[in-house]
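*Asks:* Sequence plus predicted model, see below.
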Amino acid sequence: MESLVQDDETMDIFEQSAPHEFTMFKYLKDYALFPFYKDTETKFFADASSCYKSMVDDMWNAKEFIFLEYHAIEHK
């Protein structure tokens with residue numbers, strides 16, 4: 001299976017700035033084959049309706065492309 005390439009400079013910067021969190025991200029890179037990136041943004045939404053509105057707003061404001069990734073987690 002071909003995996004995405006991890007940028008070594010990004011790894012070094014993250015390891016220096018957040019050593020505890022780095023171990024979790026390194027695990028995901030090594031075992032799930034998901035590299036991590038710099039210059040990205042994450043938003044948390046407590047409910048689906050505010051998430052949906054934000055995604056629609058982002059689509060209307062897109063200039064070149066849109067990358068959306070979301071996870072819905074239900075607490076029982």
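*Replies:* Arrived safely, thanks for sending. These numbers come from a predicted model, not from an experiment.
*Asks:* Does residue 16 fall in a helix, a strand, or a coil region?
*Replies:* helix (DSSP: H, G, I helix; E, B strand; the rest coil).
*Asks:* can you count the residues close to it?
*Replies:* Neighbours of residue 16 under the rule other Cβ atoms under 10 Å: 9. Yep, even glycine has a C-beta here, placed from its N, CA and C like the rest.
*Asks:* So, low pLDDT: which residues of the chain?
*Replies:* 1-3 (pLDDT under 70).
*Asks:* Which stretches in it count as helices?
*Replies:* 8-17, 19-31, 48-61 (DSSP state H).
*Asks:* In terms of secondary structure, what does the longest one contact?
*Replies:* For helix 48-61, the packing partners by 3 or more Cβ pairs under 8 Å, 6 or more residues apart in numbering; DSSP states H and E come out as none at all, with no helix or strand in contact.
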